[in-house]
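Chemist: Have a look; sequence and predicted model below, questions after that.
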Amino acid sequence: MSYLLAIVTFLVGAGLGVSVARRRMATTGSGVSQNGAATSPDAKPLRQPSGERSESNSTELLGELHGVLAAALNSLPSGVVIAAADAQVLFKNSAAEAISGVRHVDVLVHEAVTTLLKNTVGSQPQHRRFDTAGSPSRSFDLRTQRLADGRLVATIEDVTERTRIDTVRTDFVANLSHELKTPIGGIAALADTMMGETDPQVIERLTSRIVEEAYRLSRIVDDLLDLSRIEFGGAQDWEPMVVDEVVNEVVARLQPEAMRAGVKLEAKLADPVRVLGDRMQLVSALENLVTNAVKYSDDGKKVLVEVRTTPEFVSISVVDQGIGIAAKDHQRIFERFYRVDRARSRTTGGSGLGLSIVRHVVSNHGGTVSVVSEEGRGSTFTMTFPRDVGTVRNGVVDAAVDERKVSV
Amino acid sequence: MEETRKSYHSELDELRALVVHLGASVIELIPRATNVLLSGDLEGADYLVQSDDEIDARAHDIESRTFEILALQAPVAGELRQLVSIIKITSDLERSADLAVNICKAARRIYGKEIDPVLRGLISKMSEQAEQLYQSAINSFAENDAATAAAIEDMDSFLDALHRQFVQAIFETHARERMDLQLAVQLAIVARFYERIGDHAVNIGERVQFALTGWKPELRAIQRQRQRDATGEFPITKG
């Protein structure tokens, strides 16, 4: 049984105890029974009645206890539903009333809870995962249990984020194994073939393939190390740099690759502004975005690297007219080794770490990265960084001067 | 007598809750059917096709209950309009679920064929738009919101535009020999299903307006026809 369900069972048990006590009081006129919390042996009234109490005082106390219990249940972030033995709902806490804030999702979750309550026979707790497919796509953990007096209690937990993290974790291990195993398997098979080969030309061809696979493996490990360095990197090597220079450097470096692919690579620069950061990291992030844009664009298409500025921020967008990315993958493409299309990744190559590196670089520099993309229409990746204070004149960066602090 | 009315009103509330519930199921069906289509999920397709029986049973239950209330309680004015609207809305919901199921059946027929990325993108957009229209329609019913109900028709024009764009993209993709004729025809039919789902959402919006205000789109046509009759404009001639 989950902790949440245990706590709720305790609270509800205490509440029901109070109800039982109230019923007894109504029939016998006695005070609150010490054994009132009949459904939960550990549950005690929140305040022990001292000595003889008048009926009105006791009623007041019971009212107060009910209020406290209801408030306690309402303060829980998860939904709690209490139902009669026939699954007729008696109470819903605030979280259960508005589970997701989207009507049709709430309606479907309540339907699932009602079904689960009806299926809760005997003392066997029930558990079910419930997922919705639409927008927003959500996951819920539903649990029910029958109390000693026959009533039922259900808890509803929104586990959307937890599910996402679990998926990322399990996919990471699977994807990492796949990425490393593929070149290793290739090397082993090639070496095996080479052992029985005598033709020098064939041996040469096999050797060059082994070298290729070894380089591929090395690139993956290098990227992993880079990523690890970026993830844990501090701000000790930071320097002010002009954004246009970073863009020009990357565009110049990748121009030959773009020409080979028949893709027109262009840069559109703004007024020169600077950011504070690790030059190598920023170059690496932009290089990854531009490499992807070129890689996933058809012959004759264009890739544009555009710099825009506002008084506080500078953004670098990489706009392509390539194959685009389906909306369902937008959230996941920044994960390590996540592949939108694993079959295609075999032909496009790459380590599967590029966008993960971009995300970490941007995050290290206090910026954001966003993607706007549609399948078949192309993608736009935009990195936005806070601007470094200071102005640039004739391409030369001056230190910022706060005129208010200048004394004559 | 008061007790009878109380029970009648609680029955009415229950009926409305059932309609919202059925609507929620249809909203959920739209993205599920799209996932089935785009991922070629045959198992998912079978599951959704079978789940249509439950939707039909629930729609039938709502209709039977509505007929019972109409027969036993003889409602008038707003309540009568509401019950009549519920019958029509239920029919729209049931038909929309059929259309979502048809998308799943189309997914079976095109299984194994690769859909061009441009078309995939447009299918996703049509699905999102149809789902949004349906969300607005069901919300307007649940909240008695005539303003939202009236806005659904305008919202639908975006889905219609996407439909036209999609058909154009099918021609272009087929012309580039990147898609065979069978796939092209199936996808054109699928696009029509989304467009029809949107139309049913518009219908629901109109039924909600009728229930709340007594207005229905046919009134515009009737008014136009009366004007023509009075002025003799646009005479309809035969032969």
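Modeler: Yep, it's here. Since the structure is predicted, the reported quantities are computational estimates derived from the model, not experimental observations. Residues are numbered from 1 along each chain as shown, chains lettered A, B, ... in the order given.
Chemist: Show me the shaky parts of chain B.
Modeler: In the predicted model of chain B, residues B:1-6, B:233-239 satisfy pLDDT under 70.
Chemist: Pick out the residue in it sitting closest to chain A.
Modeler: Closest contact between chain B and chain A, by C-beta to the nearest C-beta, is at B:V118 (2.9 Å). Where C-beta positions appear, they are placed from N, C-alpha and C, glycine not excepted.
Chemist: Identify the residue spatially nearest to that residue, adjacent ones excluded.
Modeler: Among residues not flanking B:V118 along the chain, A:G376 sits closest, at 2.9 Å (C-beta to C-beta, 6 or more residues apart in numbering or on different chains).
Chemist: and chain A, what are its domains?
Modeler: Annotated domains of chain A cover A:3-158, A:161-232, A:236-408 [automatic domain parsing].
Chemist: okay, these in CSV with mean neighbour count and distance to B:V101 next?
Modeler: Below are those laid out as CSV (neighbours: other C-beta atoms under 10 Å in any protein chain shown; distance: least, C-beta to C-beta, whole Å):
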stretch, mean neighbour count, distance to B:V101
domain A:3-158, 17, 15
domain A:161-232, 14, 27
domain A:236-408, 17, 22
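Chemist: Save those domains as TSV, and put in mean pLDDT too.
Modeler: Shown next, in TSV, are these (pLDDT from 0 to 100):
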stretch	mean pLDDT
domain A:3-158	72
domain A:161-232	84
domain A:236-408	80
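Chemist: Give me the buried positions along the strand or helix carrying B:I152.
Modeler: Using DSSP states H and E, B:I152 sits within helix B:146-175. Buried residues in helix B:146-175, defined by neighbour count with 16 or more other C-beta atoms under 10 Å in any protein chain shown: B:146, B:148-150, B:152-153, B:155-156, B:159, B:162-163, B:166-167, B:169-170, B:173-174.
Chemist: Doesn't the residue nearest to B:V118 belong to a strand?
Modeler: No: A:G376 sits outside any strand when classified using DSSP: H, G, I helix; E, B strand; the rest coil, being coil.
Chemist: residues in contact with it?
Modeler: A:G376 sits next to A:323-324, B:116-122 when contact means C-beta atoms under 8 Å, 6 or more residues apart in numbering or on different chains.
Chemist: go with 6 Å
Modeler: Counting by C-beta atoms under 6 Å, 6 or more residues apart in numbering or on different chains, A:G376 touches A:324, B:117-118, B:121.
Chemist: Neighbour-wise, which one of these leads?
Modeler: Among the contacts of A:G376, the one with the most neighbours (other C-beta atoms under 10 Å in any protein chain shown) is B:G121, at 23 neighbours.
Chemist: Outside of the host helix or strand of A:R260 itself, list whatever touches it.
Modeler: Per DSSP H and E: A:R260 is located in helix A:243-261. With contacts defined as C-beta under 6 Å, 6+ apart, helix A:243-261 is touched by A:265, A:267, A:269, A:272-273, A:275, A:282-283, A:286-287, A:290, A:294, A:305, A:307, A:314.
Chemist: now swap in stretch B:160-170 and tell me
Modeler: Stretch B:160-170 is contacted by residues B:118-119, B:122, B:125-126, B:184, B:187-188, B:191, B:195 when judged by C-beta under 6 Å, 6+ apart.
Chemist: Only the C-alpha atoms, please, for that stretch, written as PDB.
Modeler: Taking Å, rounded to 0.1, in the frame of the first residue of the first chain, the C-alpha atoms of stretch B:160-170 are listed here in PDB:
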ATOM      1  CA  ASP B 160     -11.400  23.400 -42.900                       C
ATOM      2  CA  ALA B 161      -8.400  25.400 -44.100                       C
ATOM      3  CA  LEU B 162      -6.100  22.600 -42.900                       C
ATOM      4  CA  HIS B 163      -8.200  20.100 -44.700                       C
ATOM      5  CA  ARG B 164      -7.800  22.000 -48.000                       C
ATOM      6  CA  GLN B 165      -4.100  22.300 -47.400                       C
ATOM      7  CA  PHE B 166      -3.800  18.600 -46.700                       C
ATOM      8  CA  VAL B 167      -5.600  17.700 -49.900                       C
ATOM      9  CA  GLN B 168      -3.300  20.000 -51.900                       C
ATOM     10  CA  ALA B 169      -0.300  18.400 -50.200                       C
ATOM     11  CA  ILE B 170      -1.500  14.900 -51.200                       C
END
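Chemist: what distance separates it from the centre of its chain?
Modeler: Mean-position distance between stretch B:160-170 and its chain equals 19 Å (C-alpha atoms, centre = their mean, to the nearest Å).
Chemist: before we move on, what about stretch A:249-260?
Modeler: Relative to the mean C-alpha coordinate of its chain, stretch A:249-260 is positioned 33 Å out (C-alpha atoms, centre = their mean).
Chemist: What of stretch A:194-205?
Modeler: Stretch A:194-205 has its C-alpha centroid displaced from the chain centroid by 49 Å (C-alpha atoms, centre = their mean).
Chemist: Compute the first-to-last residue distance for it.
Modeler: Stretch A:194-205 stretches 10 Å from its first residue to its last (C-alpha to C-alpha, to the nearest Å).
Chemist: Equivalent analysis for stretch A:256-275, please.
Modeler: By C-alpha to C-alpha, the extent of stretch A:256-275 from end to end equals 27 Å.
Chemist: of the contacts of helix A:243-261, closest to chain B?
Modeler: Of all the contacts of helix A:243-261, A:V294 has the smallest distance to chain B: 17.2 Å, by C-beta to the nearest C-beta.
Chemist: What residues does that closest one make contact with?
Modeler: A:257-258, A:261, A:263, A:303 are the contacts of A:V294 under C-beta under 6 Å, 6+ apart.
Chemist: A strand includes it, no?
Modeler: No: applying three-state DSSP, one finds A:V294 to be helix, outside a strand.
Chemist: which parts of chain B sit against chain A?
Modeler: Applying C-beta under 6 Å from any C-beta of the partner chain, we find that chain B lies next to chain A at B:20-21, B:24, B:27-28, B:31-32, B:117-118, B:120-121, B:124, B:131, B:139.
Chemist: how far out from the middle of the chain is the lengthiest helix in chain B?
Modeler: In chain B, taking DSSP state H as the definition, the longest helix is helix B:2-39. Computed by C-alpha atoms, centre = their mean, the chain-centroid distance of helix B:2-39 equals 13 Å.
Chemist: Packing partners of it?
Modeler: Packed against helix B:2-39 by the contact rule (3 or more C-beta pairs under 6 Å, 6 or more residues apart in numbering or on different chains; DSSP states H and E) you find helix A:103-119, helix B:42-73, helix B:77-109, helix B:117-142.
Chemist: Alright, that wraps it up for me.
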